[in-house]
Structures are given as structure tokens and as C-alpha cells.
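Chemist: pasting a predicted model and its sequence here:
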Amino acid sequence: MKLTRYVLYDILRNKIVLLYAAFLFLITAGLFQLEENSSKAILSLLTIVLTVLPLVSLIFTTIHYYNSYEFIELMLAQPLSRTRVLLSEYFGLVLSLLGAFWLGVGLPVLFYSPDAIGISLLITGSLLTLVFISMALFTSVHARDKAKGIGLALLLWFYFSLIYDGILLMLLFALSDYPMEKLTLLLSALNPIDLARIVIMLKMDVSALMGYTGAIYKNFFGNAYGTIFTLGVLILWAAFPLGLAKRKFLKKDM
């Protein structure tokens with residue numbers, strides 16, 4: 001915890017996280033001020049959160065890791081385990097970015113929309129933060145070169161935010177003559193951003209806008225088992241890359 005506190009202090013000292021929190025707060029508060037209906041404000045906020053949050057988590061984590069490389073080498077020269085050093089970096093990043101998210105988005109949402117929709121947005125946004133910090137940490141540990149690490153982080157963002165949806169639409173169109181119910185549910189779990197979007201839209205009861213696929217999603221995700229499944233998948237998305245990063249870090253020649 002002492003090492004984590006130092007990492008957290010070092011992150012907050014550069015004020016980028018504070019600017020990120022201020023940006024989110026201005027956007028969130030502004031949307032609620034402009035929209036009389038809080039549900040419409042949440043829908044607009046959802047698009048921003050699902051775009052900005054993964055990008056910032058990926059890029060900030062990657063840059064911080066490479067900027068802290070000398071500090072990490074110094075800590076590894078001390079009688080500290082590699083696991084402890086890596087997890088201290090991870091939890092420092094998690095606490096800072098989650099704090100920024102809850103200050104920037106959480107406070108306005110809890111004030112203007114303290115209902116199931118708002119709480120769902122905050123929970124899924126928090127889990128997405130964990131997911132993309134874990135992904136960025138894995139790519140950073142994997143790539144020694146800073147430019148390559150940042151490039152991999154951007155590639156992950158493009159894939160999950162843009163490319164995956166195009167591939168999914170092409171696949172669904174090509175296999176439209178076949179029963180796709182179970183496959184559609186499986187494919188939705190392969191993208192944490194899409195999974196979060198589906199959950200929030202179902203909470204807002206706009207599944208009719210999603211057509212036949214929306215009815216499938218509502219039948220599965222609209223009950224307690226669907227909620228448990230969603231939370232479990234997002235936790236796995238956060239834990240699996242972190243486990244890969246730890247395994248790579250333990251064997252890496254610094």
C-alpha cells in the first residue's frame with residue numbers, strides 16, 4: 001500500500017488526471033443542464049463515456065508506464081517482488097482514473113439521475129476503466145519500445161470502438177439465413193464496450209430501437225442472470241489481461 005500511495009501521488013502530481021476529471025464534470029453537468037429529461041442526458045453521456053473513457057485509460061496507462069520505467073527498475077533492485085511492484089502500478093492507476101471518473105461523471109449523475117440507469121452507467125463505466133487499464137498494462141509490459149506500446153494501445157481502441165462493430169455487422173449479414181440468437185449473445189461478450197452499451201440501453205428500455213436483436217438481448221440481459229453474466233464477463237475482461245501482464249512481467253528482462 002505504501003508503494004501504491006507513492007504511485008498515486010506521482011500520478012496526481014502531473015495534474016492530467018485532474019484535468020480529465022474536470023473535463024468529464026463539465027460535459028456531464030452540461031448535458032444534464034441542456035436536457036430536461038435525464039434519460040436523454042444519460043443516452044448522450046453514454047456515447048461520450050464509451051468513447052473517451054477507454055481511450056484515456058489506454059493512453060494514460062501506457063504513457064505512465066513508460067515514464068515510470070526507471071522508477072520500476074529502481075524498485076526491482078530493492079527487496080520487493082515483481083508482483084508487488086506491478087500491482088502497485090496497477091492499483092495506483094485504478095485509484096486515480098476511477099477517482100476522476102466518479103468525480104467527473106459520478107457526482108453529476110448521482111445528483112441529477114440517482115436511479116437504476118445512472119447507477120448502471122457508473123458501475124459499467126468503472127468496470128470498463130479496470131478493463132482498459134489492464135489491457136494497456138499488458139501491451140506496455142509486452143512492448144519495450146514506447147512508440148510501439150502507444151501504437152498497440154491505439155489499435156486496441158480502434159478495434160473495440162470501431163472495427164469490431166463493422167466485423168460483427170458483416171458476420172451477421174453474411175449469416176442472416178441461419179439462427180443467430182446464441183451466437184449474437186456470445187459475440188456481444190467479446191467486446192466490453194458493446195456489452196456495456198447493451199446493458200445501459202436495456203436499462204433505459206430502448207431495446208425496441210435495436211430491432212430483433214434488441215428483443216434477444218432483453219430476454220437474456222434483462223433479468224438477474226443476465227446482470228450476473230455481464231458483471232462476470234467484464235470482471236474477466238479486467239482480470240485476464242492483468243494476469244497476462246503479470247506473467248510477462250515476471251519473466252521479462254528489465
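Modeler: Thanks, I have it. Being a predicted model, the structure only gives us computed values, none of them experimental. Numbers count the residues shown, from 1 in each chain.
Chemist: for the chain, longest helix please?
Modeler: helix 38-67 (DSSP state H).
Chemist: in that helix, what counts as buried?
Modeler: Residues 38-39, 41-46, 49-50, 53-66 are the ones in helix 38-67 that count as buried (16 or more other CB atoms under 10 Å). C-betas here are computed from N, CA, C, even on glycine.
Chemist: C-terminal to that helix, what's the next element?
Modeler: Next helix or strand after helix 38-67 toward the C-terminus (DSSP states H and E): helix 69-76.
Chemist: now for that next one, which elements pack on it?
Modeler: helix 82-101 (3 or more CB pairs under 8 Å, 6 or more residues apart in numbering; DSSP states H and E).
Chemist: roughly how far out does the helix it packs on sit from the chain middle?
Modeler: 14 Å (CA atoms, centre = their mean, to the nearest Å).
Chemist: elements contacting it?
Modeler: helix 2-13, helix 16-34, helix 38-67, helix 69-76, helix 116-142, helix 224-251.
Chemist: burial of the closest residue in space to A143 that isn't next to it in sequence, as a residue count?
Modeler: Excluding its sequence neighbours, the residue lying closest to A143 (CB to CB, 6 or more residues apart in numbering) is G149, at 4.2 Å. Using other CB atoms under 10 Å, G149 has 21 other residues around it.
Chemist: please report how far G149 lies from N67.
Modeler: 11 Å (CB to CB, to the nearest Å).
Chemist: kindly report the same for L107.
Modeler: 29 Å.
Chemist: I200 now?
Modeler: From I200 to N67 the distance is 34 Å (CB to CB).
Chemist: roughly how far out does stretch 33-53 sit from the chain middle?
Modeler: 17 Å.
Chemist: what about it, average pLDDT?
Modeler: Across stretch 33-53, pLDDT averages out at 84.
Chemist: quick check, A22 in contact with G104.
Modeler: Yes. Counting by CB atoms under 8 Å, A22 sits close enough to G104 to count as a contact (6.9 Å).
Chemist: and the two? Which one has more around it.
Modeler: Between A22 and G104, counted using other CB under 10 Å, the more crowded position is G104 (23 against 14).
Chemist: just to revisit the earlier point, helices or strands up against the longest helix of the chain?
Modeler: helix 16-34, helix 82-101, helix 107-112, helix 116-142, helix 146-158, helix 192-203.
Chemist: can you do 10 Å?
Modeler: In terms of contacts (3 or more CB pairs under 10 Å, 6 or more residues apart in numbering; DSSP states H and E), helix 38-67 is packed against helix 2-13, helix 16-34, helix 82-101, helix 107-112, helix 116-142, helix 146-158, helix 192-203.
Chemist: among the ones you listed, which is nearest L183?
Modeler: Closest approach to L183 among these (CB to CB): helix 192-203, 14.0 Å.
Chemist: CA atoms only for the closest one, dumped as PDB, please.
Modeler: Only the C-alpha atoms of helix 192-203 are listed here, as PDB (Å, rounded to 0.1, in the frame of the first residue of the first chain):
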ATOM      1  CA  PRO A 192     -16.600  -5.000 -23.300                       C
ATOM      2  CA  ILE A 193     -17.700  -1.700 -24.900                       C
ATOM      3  CA  ASP A 194     -20.600  -3.300 -26.700                       C
ATOM      4  CA  LEU A 195     -21.500  -5.200 -23.600                       C
ATOM      5  CA  ALA A 196     -21.700  -2.000 -21.500                       C
ATOM      6  CA  ARG A 197     -23.700  -0.200 -24.200                       C
ATOM      7  CA  ILE A 198     -26.300  -3.000 -24.400                       C
ATOM      8  CA  VAL A 199     -26.700  -3.100 -20.600                       C
ATOM      9  CA  ILE A 200     -27.300   0.600 -20.300                       C
ATOM     10  CA  MET A 201     -29.700   0.700 -23.300                       C
ATOM     11  CA  LEU A 202     -31.700  -2.100 -21.900                       C
ATOM     12  CA  LYS A 203     -31.900  -0.300 -18.500                       C
END
